[in-house]
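A.B. asks: structure for this input, please:
(one chain, ligands or ions: 1)
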Amino acid sequence: MRLPGTMTGTIMKGNHKLFKSICQRTVSFRCLSSNEKPKMPPCDFIPEEYKGIPYEDILNIRKTKLSALLTYYKKPILAHQGHMQWLFDHEGKRYLDLFGGIVTVSVGHCHPKVIEAAKRQIDRLWHTTNIYLHSPIHEYVEKLTSRMPGKLKVAYLVNSGSEANDVAMFMARQYTGNFDIISLRSGYHGANPYSLGMTAHSAYKPGVANGFGCHTTMCPDVFRGIWGGSHCRDSPVQTIRTCSCSPGSCDAKDKYIEQLKETLDTSAAKKLAAFIAEPMMGVGGAIQYPKNFLKEAYEIIRGKGGVCIADEVQTGFGRTGSHYWGFQTHDVMPDIVTMAKGIGNGFPMAAIITTEEIARSFTQAVYFNTFGGNPMASSVGSAVLDAIEEDGLQNNCAVVGTHLLLELAKLREKFEIVGDVRGKGLMVGVEMVKDKKTLQPLPAEEMSLIWEECKDNGVLLGKGGLYSNVFRVKPPMCITKEDADFAVAVLERALIKHKETISR
Ligand SMILES: Cc1ncc(COP(=O)(O)O)c(C=O)c1O
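C.D. replies: Here you go, the predicted model:
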């Protein structure tokens, strides 16, 4: 139910109890003075009353029948409804969703344009295998490939990011006739047995055989890594490190490239199938590489017969603000691009885009996928592309993201435990440390104190990084400057509270 401006009698008639509860919440934000609780920006959307399974029963089912799933927060949120950047729980409490279902809600929860497209298609045709012709898939790939530069013109549609990376591995091996694949340590590329080999984060490694032919090289992390300075990355905020590189050169980049060369000399076969990297690490904690690292890495890999894969699962679709695709921020041209998450704004879909030449070679390996690009997914995907453009979301990422980064950087100046603020557009990381001298990761219990406090005050943050000490901010791309200010104020308050608790 949508309400223009103020609350009207419609709601009172419809659900008096819910209305009262929401009003109380709204009032509680309004009544507090600014030095107490930051005021949540207004939202005129009123969620429906929750009538699902009781909270306690849900917890029980989850524990006994879904026990493999990780749950965020001491008292997990029961998400009931979403509206653009807002998430509502079963009690009608509103949250600013800065994690967007893990960087997946790109244009906004239940975006009206996407709903309309899905509803139109659901009444017409849900599914038919792609061995028949249907209009949505053709319309979609025309649109999607028109957003790719250069020779990247042939699309394969699948269902998840892991699957997209599996296909990319298969494709690279088929095309080059080589087997070895190189990825960056701390990177995440999926959890399927095949793509897991490229994921270099022990938390996701199950201890069963995986990764035959996959090798990793040092993560070029200019904040926590061995090398890094104060000009390395493409971000409005640089690290607190110093550097003495002459203009136009970057020692950190050179050193990490040497590491890559050493990996190739010692661990990999002479000829390579592929190199894969995210343009900015997602699960790894918004890690940005030194400028030109990817450019040089691509040259080296190609020199050994390999193709270059850009994993755009988190960085694509305008999120970095300056460009539509993350790889463009590095001025490189991949041979294969994989994408998922934001591609469907939460609809399970993913894609691989490559050149005609690689696609032609892949025809020898009959690749079939039942659901990939089905009419529903294709219609949703088309609407997402339209919404990004019509709502000016790439530009919003640039404007709001830069503002957010600069405001967060002020917290780094104020608090010893805020070690790094980094990112680009609305792909942001805040790395928490014990202190700026040792850079030891902030212990998990202290991370939790801050994180839970933010949630209690209406802001949902993600966590990531090898040591789970990075707050990840990757919201729906429609958030406003006002939302960003609110989030920073909530985080600041949580940091103050943490300081008081620790010094007690
Ligand atoms: C960069 C990257 N690649 C691939 C994947 C795997 O995507 P999915 O979870 O849809 O399989 C993820 C998921 O977090 C990711 O962040």
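A.B. asks: could I get the buried residue list for stretch 407-421?
C.D. replies: Of all the residues in stretch 407-421, those buried under the rule 16 or more other CB atoms under 10 Å are 407-409, 411-412, 415, 417-421. Glycine gets a C-beta too; all of them are placed from N, C-alpha and C.
A.B. asks: wait, stretch 136-143
C.D. replies: Counting neighbours by 16+ other CB under 10 Å, one finds that the buried residues in stretch 136-143 are 136-137, 140-141, 143.
A.B. asks: could I get the contacting residues of whichever residue of the stretch 151-300 of the chain sits closest to the ligand?
C.D. replies: Closest to the ligand within the stretch 151-300 of the chain is Gly161: 2.2 Å, counting by CB to the nearest ligand atom. Applying CB atoms under 8 Å, 6 or more residues apart in numbering to Gly161 gives the contacts 189-190, 311, 313, 338-341, 350.
A.B. asks: list, out of the residues you listed, those positioned next to the ligand.
C.D. replies: Contacts with the ligand within these, counted by CB under 6 Å from any ligand atom: 189-190, 311, 313, 340.
A.B. asks: dump those residues to a markdown table, plus secondary structure and distance to Ile182.
C.D. replies: Shown next, in a markdown table, are the ones next to the ligand among the contacts of Gly161 (DSSP: H, G, I helix; E, B strand; the rest coil; distance: CB to CB, whole Å):
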| residue | secondary structure | distance to Ile182 |
| --- | --- | --- |
| His189 | coil | 12 |
| Gly190 | coil | 16 |
| Asp311 | strand | 13 |
| Val313 | coil | 18 |
| Ala340 | coil | 21 |
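A.B. asks: ok, so of the residues you listed, who is nearest Ser202?
C.D. replies: Of all the ones next to the ligand among the contacts of Gly161, Ser202 sits closest to His189, with 14.4 Å by CB to CB.
A.B. asks: for this protein, give me the ranges with low pLDDT.
C.D. replies: Applying pLDDT under 70 to the chain flags the ranges 1-35.
A.B. asks: quick one, phi psi at the residue positioned nearest the centre of it?
C.D. replies: Centroid-nearest residue in the chain, with CA atoms, centre = their mean: Val103, separated by 3.4 Å. Backbone geometry at Val103, expressed as degrees, to the nearest 10, gives phi 60, psi 30.
A.B. asks: residues in contact with Ala273?
C.D. replies: 169, 172-173, 176, 178-181, 213, 306-307 are the contacts of Ala273 under CB under 8 Å, 6+ apart.
A.B. asks: checking it next. Helix, strand or coil?
C.D. replies: strand (DSSP: H, G, I helix; E, B strand; the rest coil).
A.B. asks: for stretch 458-476, list the C-alpha coordinates in PDB.
C.D. replies: C-alpha atoms of stretch 458-476 as PDB (Å, rounded to 0.1, in the frame of the first residue of the first chain):
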ATOM      1  CA  GLY A 458      17.700   0.700  11.400                       C
ATOM      2  CA  VAL A 459      20.800   0.200   9.200                       C
ATOM      3  CA  LEU A 460      21.700  -3.100   7.700                       C
ATOM      4  CA  LEU A 461      25.400  -3.600   6.800                       C
ATOM      5  CA  GLY A 462      27.200  -6.600   5.300                       C
ATOM      6  CA  LYS A 463      30.400  -8.100   6.600                       C
ATOM      7  CA  GLY A 464      33.300  -9.500   4.600                       C
ATOM      8  CA  GLY A 465      37.000  -9.700   4.100                       C
ATOM      9  CA  LEU A 466      39.300 -12.600   4.900                       C
ATOM     10  CA  TYR A 467      39.000 -11.800   8.600                       C
ATOM     11  CA  SER A 468      35.300 -10.700   8.500                       C
ATOM     12  CA  ASN A 469      36.400  -7.300   9.700                       C
ATOM     13  CA  VAL A 470      35.100  -5.200   6.800                       C
ATOM     14  CA  PHE A 471      31.700  -3.600   6.800                       C
ATOM     15  CA  ARG A 472      30.300  -3.900   3.300                       C
ATOM     16  CA  VAL A 473      28.000  -1.200   2.000                       C
ATOM     17  CA  LYS A 474      26.500  -2.200  -1.300                       C
ATOM     18  CA  PRO A 475      22.900  -1.000  -1.200                       C
ATOM     19  CA  PRO A 476      20.200  -0.800  -3.900                       C
END
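A.B. asks: tell me which residues in it are buried?
C.D. replies: 458-467, 469-476.
A.B. asks: will you turn the buried residues of stretch 407-421 into CSV that also has secondary structure and distance to the ligand?
C.D. replies: Formatted as CSV, those follow (DSSP: H, G, I helix; E, B strand; the rest coil; distance: CB to the nearest ligand atom, whole Å):
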residue, secondary structure, distance to the ligand
Glu407, helix, 25
Leu408, helix, 22
Ala409, helix, 25
Leu411, helix, 26
Arg412, helix, 25
Phe415, coil, 28
Ile417, coil, 26
Val418, strand, 24
Gly419, strand, 23
Asp420, strand, 20
Val421, strand, 21
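A.B. asks: ok, so of those, who is nearest Lys74?
C.D. replies: Closest to Lys74 out of the buried residues of stretch 407-421 is Ile417 (20.7 Å), distances taken as CB to CB.
A.B. asks: pop out the phi and psi values for that closest one.
C.D. replies: Backbone torsions of Ile417, given as degrees, to the nearest 10, read phi -80, psi -10.
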